[in-house]
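Peer 1: Could you look at this predicted model? Sequence included:
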Amino acid sequence: MVAGHLQEKKGYFYMVLNYTVGGKRKTKWIPTGMVVKGNKKKAEALLWETRQTYVPEVEEEAVELSGEIMFVDFLAMWLEIAKSTIKLTTYASYAEMTNKIIIPYFKPLKRRLTEVTAADIQKFYLVQLERVSANSVIHYHAIIHRAMKYAVKTDLIISNPVDKVDRPKKNEFQGSFYTEDEIQDLFEVARGTKLELPIVLAAFYGLRRSEVLGLKWDAIDFQQNTITIKHTLTSCKIDGKKVEVATDTTKTKSSRRTLPLIPQFRALLLQRWEMQEEYKRVCGSCYNTKYLEYICVDEMGNIIPPNYLSEAFPKLLARHGMRHIRFHDLRHTCASMLLKNGVPMKQIQEWLGHSDFSTTANIYAHLDYNSKLNSAEAMVTGMRAALTTVS
């Protein structure tokens, strides 16, 4: 995380970030757009978020590359170049797969960048498919392809060998989901626990884990009775350290959506607000004021980390003898309930915040039994005379 502080200039707050690149000390001024009066807490929150997510720009011309560089060294350099062009969480994922899987495989081969062939990459895929799923290999493919595409763009190689490689076919995945009775039992066992609110938000609204934990009080409109999904909280490893990344953006543009705040949730959230106020009063100076904007915090005001949900949720199920599903499967449960109650697939797409209709259809088509019944009834009506003759 880079260092930084707030600076006042002409009546506005500016963020001043300090970091080191290539052994040189750098300072960057970033305007907050906030006037000084009455905005100190908001500016401090923005500064904290920016310090966590800011990736110093790497000057490409400072990195010496040639086609004779070793392939593994090229991948390491490319990662640093790409760092300033992608999300921090994406970079963390790329870095982990490159450093733990791709580089260790290719290093013993001692290939220069210009010597890497389609056959080398294809063999790498085949070896990896013996230990991981096709979907994992597809991630490796995306990294190598993007790196080699950069090599072509910068005239280090003539063509991209990955274009000649057959990418593995993606595994079709069908998520698990709870029945109405099971979800009701889950609500009962979660009542009063730290998992209660995340569970009901994921099951009823179909929110992703990052959307549940990123939910802020400014997303709740108690006057218009709406809830807007516009913040996320994720985690990733940077230089071996696990960090939480909070952003005021969603996974895709379509993921930003406004949903109705039903009376039951309105009451639950108001109760949560009162609880947080009471915790602040009781804990006094020990209460963590860094996350006052967030809804999903613990008794001491600490943000609930993403991994906590993934680890605590199955433990809750096991403790009460309930069928095992993942936390993300509560989102699938939401979709299955909507389909069962006759909600059209297009509306489910909008409710879940999928970027396009095909994503929703591909994931949940196998659950859409009602539409199949309607199709069967339509066929019976259309072919009644023929069916009568057959019988």
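Peer 2: Great, that's in hand. Numbering: from 1, shown residues only.
Peer 1: where along the stretch 1-150 of the chain do the strands fall?
Peer 2: 3-9, 12-21, 24-35 (DSSP state E, counting those that start in this stretch).
Peer 1: what's the answer for the stretch 151-300 of the chain, then?
Peer 2: Applying DSSP E, counting those that start in this stretch to the stretch 151-300 of the chain gives strands spanning 220-221, 226-229, 232-238, 241-247, 257-260.
Peer 1: Tell me where the model's unsure across the stretch 201-350 of the chain.
Peer 2: 239, 250-252, 254 (pLDDT under 70).
Peer 1: what are the ranges of the helices in it?
Peer 2: 209-214, 263-283, 306-319, 329-340, 345-352 (DSSP state H, counting those that start in this stretch).
Peer 1: Need the winner for burial among those.
Peer 2: For the helices of the stretch 201-350 of the chain, the largest average neighbour count (mean count of other CB atoms under 10 Å) is found in helix 209-214, namely a mean of 25. Placement of C-beta: from N, CA and C, glycine included.
Peer 1: other SSEs contacting it?
Peer 2: helix 196-205, strand 232-238, helix 306-319 (3 or more CB pairs under 8 Å, 6 or more residues apart in numbering; DSSP states H and E).
Peer 1: before we move on, back to that, make CSV from the helices of the stretch 201-350 of the chain and add distance to residue 138 to it.
Peer 2: Formatted as CSV, the helices of the stretch 201-350 of the chain follow (distance: least, CB to CB, whole Å):
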stretch, distance to residue 138
helix 209-214, 21
helix 263-283, 37
helix 306-319, 22
helix 329-340, 21
helix 345-352, 23
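Peer 1: Which among the ones you listed is found nearest to residue 203?
Peer 2: When these are compared by CB to CB, helix 329-340 sits nearest residue 203, at 4.4 Å.
Peer 1: Next, the angle helix 345-352 makes with that closest one.
Peer 2: Counting by axes from the mean of the first three to the mean of the last three CA atoms, to 10 degrees, helix 329-340 lies at 150 degrees to helix 345-352.
Peer 1: ok and helix 329-340 relative to helix 196-205, angle-wise?
Peer 2: 30 degrees.
Peer 1: Mind splitting the chain into its structural domains?
Peer 2: Domains of the chain are assigned by automatic domain parsing as 3-56, 61-164, 180-370.
Peer 1: Next, format these as a markdown table and append distance to residue 171.
Peer 2: What follows is these, written out as a markdown table (distance: least, CB to CB, whole Å):
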| stretch | distance to residue 171 |
| --- | --- |
| domain 3-56 | 32 |
| domain 61-164 | 5 |
| domain 180-370 | 13 |
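Peer 1: of all the strands of the stretch 151-300 of the chain, which lies closest to residue 296?
Peer 2: Nearest of the strands of the stretch 151-300 of the chain (CB to CB): strand 232-238, 8.4 Å.
Peer 1: tell me which strands and helices that closest one is in contact with?
Peer 2: With contacts taken as 3+ CB pairs under 8 Å, 6+ apart, strand 232-238 sits against helix 88-97, helix 209-214, strand 241-247, helix 306-319.
Peer 1: neighbouring contacts of the second one?
Peer 2: Just to be clear, that refers to helix 209-214. 198, 201-202, 229, 231-234, 246-247, 250-251, 255, 294, 296, 303-306, 309-310, 327-328, 353 (CB atoms under 8 Å, 6 or more residues apart in numbering).
Peer 1: What is the end-to-end distance of stretch 93-104?
Peer 2: Start-to-end span of stretch 93-104 (CA to CA, to the nearest Å) is 16 Å.
Peer 1: Brilliant, that's me finished.
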